[in-house]
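*Asks:* got a sequence here, can you build the structure:
(4 chains)
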Amino acid sequence: MQNSHFFVTGDPMIYGADVSIALVSVAIIFYLTYFKKWGWLWREWITTVDHKKIGIMYLISALLMLFRGGVDAILMRIQLAVPNSHFLASEHYNEIFTTHGTIMILFMAMPFMFALFNIVVPLQIGARDVAYPFLNSVSFWLFFLGAMLFNISFVVGGSPNAGWLSYPPLSENDFSPGPGQNFWIWGIQISGIGSLMTGINFVVTILKMRTPTMRLRDMPLFSWSVLSSSIAILGVFPILTVTLVMLTIDRLLGGHFFTMTAGGNPMMWVNLIWMWGHPEVYIVVLPAFGVYSEVVATFSRKRIFGYSSMVFSMIAISVVSYYTWVHHFFTMGAGANVNIVFAICTMIIAIPTGVKVFNWLFTMYRGRIRITQPMLWVMAFVPCFLVGGATGVMLAAAPADYQYHNSYFLIAHFHQVLIGGVVFGYIAGMYYWFPKIFGFKLNERLGKWGFWLWQIGFYVCFMPQYALGFMGMTRRIYTYNDSMGWDMGWAPLNYISTIGAFLMGIGFIFQVWQILYSIKHGERDVTGDIWDGRTLEWSIPSPAPAYNFAILPVVKGRDAWWYQKEEMQKGNVHKEAVKYEPIHMPNNTGIPFIMSVFWFIAGFGFTFEWMWMGIAGLIGVALTLFARSFQYNTDHYIPVEEIEKTEKARKNYGSVHRTAN
Amino acid sequence: MVYLNSTFYYHDSRNSIPLYFVKGDLTLRKWIQTAKLSFLALLGMALLSGCDKSNFIVLNPKGPVGQQELDLIIISVILCAIIILPVLGIFVYIVIRYRDKPGNKAPYQPEWADSKILEVIWWGIPIIIVAILGVYTAKTTINLTKPPVKDVKPIVVQVTSLDWKWMFTYPDKKIATVNYAEIPAGVPVQFILTSDAPMNSFWVPQLGGQEYTMPGMAMGLWLQADKIGEYFGSGANFTGKGFAHMQFRVKSVTQDDFNQWAAGIKKNSPALTDKGYKQLSKPGLEKELSFSSYPKGLYEDIVNKNGGTYYDHMSHMGDMGSQSSMSSMKMEDKK
Amino acid sequence: MSNHEHTANMKAYTTGFALSIILTIIPIILVLNHLLSKTALVVSILLAAVLQFVVQLFFFMHIRDGEGPRYNVMALILGIIFVVTIVAGAIWIMSFNSQVQ
Amino acid sequence: MQQSISAHVSDHTQGHEDQEGIKLLGFWIFLVTDCLLFATFFAAYAVLHTHTNGGFTASEFNVPNFIIETFILLISSFTSGIAVLNMHKGNKKGLTQWLIVTAVLGAVFVGLEVKEFMDMAAEGATLSQSAFLTSFFSLVGAHGLHVSFGIFWMIGILVQLSRRGITPVTKRKISMVSLYWHFLDAVWIFIFSVVYLMGVM
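*Replies:* Residues are numbered from 1 along each chain as shown, chains lettered A, B, ... in the order given. Now for the predicted structure:
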């Protein structure tokens, strides 16, 4: 491969990005070296197996990727704002929507979700860590290096441009030669393996690591949502892995799974990728449902309404979501019977989802609603998701879908459920648990600016797109009014939509500002229970100590901490002398990071079809696995003195239970 | 053709309608200027265009297929609204009534968290609504697999999506067109779709919903125009660089005009040869073209070479006329 | 699972082994001698495979071992449902009749 | 204060012994996901097995070869079971020997499979020949890679066993590898039935 092909050239924006990436890298390296922070970085972060720190790293990565995906979105909207625009060339536009979709789902939503998993679940179930701390670290680094591999396609080799699900034969060698498509495959493959491991990890964590007195039926709903989401991950991520392997076999070894020639069948890809792809959206939305349940109960000062049907509906969603995938290709010729069955399955999944909305509403009913930042996002979610869900049911009606499919109606629908359902939920979760993990609250005023800009921006951006769908505008076109003499009247609505995108972008800037501002000025959480919470994570100090719980909590029912506080107020608490025991904790380890670097090397090698490098990377992976297998000294005990010291330093906290009115 | 910034590998130089890909001289600054100036004007226009019903082509069908789909859309909107609107109302009411503010006298029952009656209601209502919508959906789905009217003899139009153009072949008339199709009004048309390039989707919103064009598959789509007119069609599934330009025209004319048009093409247009098709199927754009004939079995060859031989659908690829395509439908029913 | 009772003993392994050998030989004989009609043959091959899978589960993998909630059994059942969905779903959908709406 | 009202719960549930049980459950769940991995390959094979592009068809498989392969794998599944029995009896020597036997049988199996693939390739039936062959080599090859991985894993465990003897950790590892081995045998049953037997039928 020639040098001029290795580096992406040709566009001033790309050169600009090259320069800024180089500058930022130099700045980071300088900072780390000058302040002698390399050791700190290695000891405290890269080798950590602490679920809270891993959660923080997921959160930071997710926000970075939200930025990158958002910039892509803005570029697309600029291009479409006016007809016949030449801001972006066709291929550049294609690359941008491909990376936008891929990044937002796989490298933004997934890590954001895993951030919440990691930060919240062990604290909520009274555990000191996840079931497999080592594996947890492997998962993170696989995700992170997979995401980096995908992202460097921007500057080396060229970005993928066949759409976020890369339908063959377009994504096959014949139509998309070169490393761009391979970046897509390997970036997703590597991080997808990490996601699968996280799924296993959290299923076992929730089943086996709960504090012994917590029964499953008393478990907080967020943890239930994580369980159902993780079960869905286990059910579908293997399919993604294999489907990507198949495309790799086609591209790298000359196979014919999905080619047009030699009997390959592109429809098979569409079938398999949506077997993963549809449950995937439920995977990301279920934890958001969990967040809503926690936030609504806390800020209505009321028990969650209909706990059992909430649990049942989540499990139902995670299983039924497995039977809806064909609604993504009703128009592909699978026949009327297939379409009818999958249309009805798709509609059925709306039932448990709708039930959840009712239950949230009736949790607020006869409660006392405090409109805090997390609650604001939940309240924005309800109407947004209702409409998004309704358009989803409209799309499920197969023959109507023939008219919506691949049009801007579809685009508007899935942004409405993915932003209104998923992103709002994750942001609510971030605001809600931020004090727990960092020890301070995020500034309300800046947050409100961010909130309203997001809200207005969202409706301004996406409502016109429903209309554009009815006007016959199809997705993924980089320009319009340009050919065959058609002017379909799409221009004004597109212009408005672009304004909305900018508003959301400004909203995001406010949120970044809010975080930076609050690091210094945010309200400190001294009680550990800043929201007057109901579940166990609020019973420990903020930020949580490394071992989470000095003594494993006793749970007598749902909302354990809430009732414990009530008991405390009534004075029914028998004070006993505290007697700590040494706590068993896993050791830090560099192996996950090193192994993931080898994966990165392998992925990079296969991307450029340098087999020697790919195989060398895989051998490295095998060697690190082998090395780990021989590590026996993988844990340590925190001595009692140290626990006493830590707990003493925090003795001053103690929550005051504030009853309503 | 001047493809701009072929960063990498695309170095093909076909010569058709180069203008589309030539970078204009609009700089970003100029663009912002234009944007500023047109901001208010456009906002106004948008509001106006919102009232202009004719732009909403999906909601303004010109044939029975599109009409049935519109009916289903309306039914689904109504059924969804039955749930959405009351829920939104309840939501607003609850948020206002139960806000935590001093002196709020609304009841506060922090322990009230169960009600069998309420749960039955909101599991029940959605189930009923889904059942109703499910029935309509199933009915329409089955209806659309049949010709829209029974008493008129249908015609067959074979559609092949290419990079980045549409080819229409008429097995009855043995003529071919590119990027436009003419059909007789009031006659059911069975479009039989395939692709000799990455899959696309054939969509003429005012006649009815879309269907993918898949390499190696020949799939039928019934459409019909009730009146004469010209309808916008486009490719709806992304196929790469020239995808945005894959728009075409479907013109519905009276049966007589249709026959005349076909005869005119037969007489005046050049023939599509094997070589010509090879050239046509290369990546690139094309304007509207007409051909007086095409190589025998062209469509079948396209389907078969992309994997069609592995499926049993030779019988209704259309070359034996609409009659055989009808009989093959019956075969399908038996399956 | 150090503290759980084990169903593993030599007798169980030998029985399982014998059963799986038999269940392997039966379909081989059926196929090589063309003993049945096509459909019957397919059914009996699949039946033998499923039975053998069950044998592996019970005699070799000791699915009955363990106490408390049987998470492993639940996982397996869910897994089997998903496996059937993937394979049967793909076959059903991909046997398209190419005559569509 | 939180601590003062919490009863003292024994720490043992998160202690060392049960860690091994938790790991075994995780591994079991991993095996279930591995099932789905094979199911996806099976789905592709089921859809594409007639797409032979005019070349090698499923009726041309080498019958004696795959029957021998099947029996070797069956026997190795049995021997790995005997190894576990020896482990429970605390018989390190027997355990080691039977593990070695299992690994060797696995290696013979892989060798036979490689030979089969080479023979087919020599006839021109390569992976890039047709969709059928792509799906065949992927499905069977994926299983072969799993077996090869299992062999290396067993070697690693054998080394640890010789160094540390039968401990809770090595016990858990041996239980895992044996579970894995039975699982691969179960997958092979379906490959044998669906791919080979139905192919030559």
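*Asks:* OK, contacts around the closest residue to chain C within the stretch 1-150 of chain A?
*Replies:* For the stretch 1-150 of chain A, the residue closest to chain C is A:A131, as judged by CB to the nearest CB, at 11.9 Å. Yep, even glycine has a C-beta here, placed from its N, CA and C like the rest. Listed by CB atoms under 8 Å, 6 or more residues apart in numbering or on different chains, the contact set of A:A131 reads A:201, A:204-205, A:208-209, D:22, D:26.
*Asks:* wasn't it part of a helix?
*Replies:* No. Counting by DSSP: H, G, I helix; E, B strand; the rest coil, A:A131 is located in no helix; its state is coil.
*Asks:* would you mind measuring from B:I127 to chain D?
*Replies:* As for B:I127, its distance to chain D is 31 Å (criterion: CB to the nearest CB, to the nearest Å).
*Asks:* residues in contact with that residue?
*Replies:* Here B:I127 is in contact with A:I351 (CB under 8 Å, 6+ apart).
*Asks:* now the helix or strand hosting it: mean pLDDT?
*Replies:* B:I127 belongs to helix B:116-143 when assigned by DSSP states H and E. For helix B:116-143, mean pLDDT is 93.
*Asks:* and it, what's buried?
*Replies:* B:119, B:122-123, B:125-126, B:129-130, B:133-134, B:136-138, B:140-141, B:143 (16 or more other CB atoms under 10 Å in any protein chain shown).
*Asks:* likewise stretch A:444-457?
*Replies:* A:444, A:446-447, A:449-451, A:453-455, A:457.
*Asks:* get me the contact residues on chain D for chain B.
*Replies:* D:50-51 (CB under 8 Å from any CB of the partner chain).
*Asks:* try 10 Å this time
*Replies:* D:47-48, D:50-54, D:131-132 (CB under 10 Å from any CB of the partner chain).
*Asks:* these two touch, right, A:S309 and B:D114?
*Replies:* Yes. In terms of CB atoms under 10 Å, A:S309 counts as a neighbour of B:D114; the distance is 9.4 Å.
*Asks:* with neighbour numbers in mind, choose between these two.
*Replies:* A:S309 (19 against 14; other CB atoms under 10 Å in any protein chain shown).
*Asks:* so that one is in which element?
*Replies:* Counting by DSSP H and E, the element that carries A:S309 is helix A:307-320.
*Asks:* elements contacting whichever helix or strand comes after that helix?
*Replies:* The first helix or strand that comes after helix A:307-320 along the chain, using DSSP H and E, is helix A:336-364. With contacts defined as 3 or more CB pairs under 10 Å, 6 or more residues apart in numbering or on different chains; DSSP states H and E, helix A:336-364 has these neighbours: helix A:266-300, helix A:307-320, helix A:373-396, helix A:398-404, helix B:64-97, helix B:116-143, helix C:71-94.
*Asks:* looking at the ones you listed, which is nearest to A:K37?
*Replies:* Taking CB to CB, helix A:373-396 is the member of those nearest to A:K37, at 31.7 Å.
*Asks:* just the CA atoms of that closest one, as CSV, please.
*Replies:* Extracted C-alpha coordinates of helix A:373-396, given in CSV (Å, rounded to 0.1, in the frame of the first residue of the first chain):
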residue,chain,number,x,y,z
GLN,A,373,-32.4,17.5,36.8
PRO,A,374,-32.8,13.8,36.5
MET,A,375,-36.6,14.1,36.8
LEU,A,376,-36.7,16.8,34.1
TRP,A,377,-35.2,14.3,31.6
VAL,A,378,-37.7,11.7,32.7
MET,A,379,-40.6,14.1,32.2
ALA,A,380,-39.2,15.0,28.7
PHE,A,381,-39.0,11.3,28.0
VAL,A,382,-42.6,10.4,28.6
PRO,A,383,-44.3,12.4,25.8
CYS,A,384,-41.3,11.9,23.4
PHE,A,385,-41.3,8.1,23.9
LEU,A,386,-45.1,7.9,23.6
VAL,A,387,-45.0,9.5,20.2
GLY,A,388,-42.0,7.5,19.2
GLY,A,389,-43.6,4.3,20.3
ALA,A,390,-46.8,5.1,18.5
THR,A,391,-44.9,5.7,15.2
GLY,A,392,-43.2,2.4,16.0
VAL,A,393,-46.5,0.7,16.0
MET,A,394,-47.4,2.5,12.8
LEU,A,395,-44.2,1.2,11.2
ALA,A,396,-45.0,-2.3,12.5
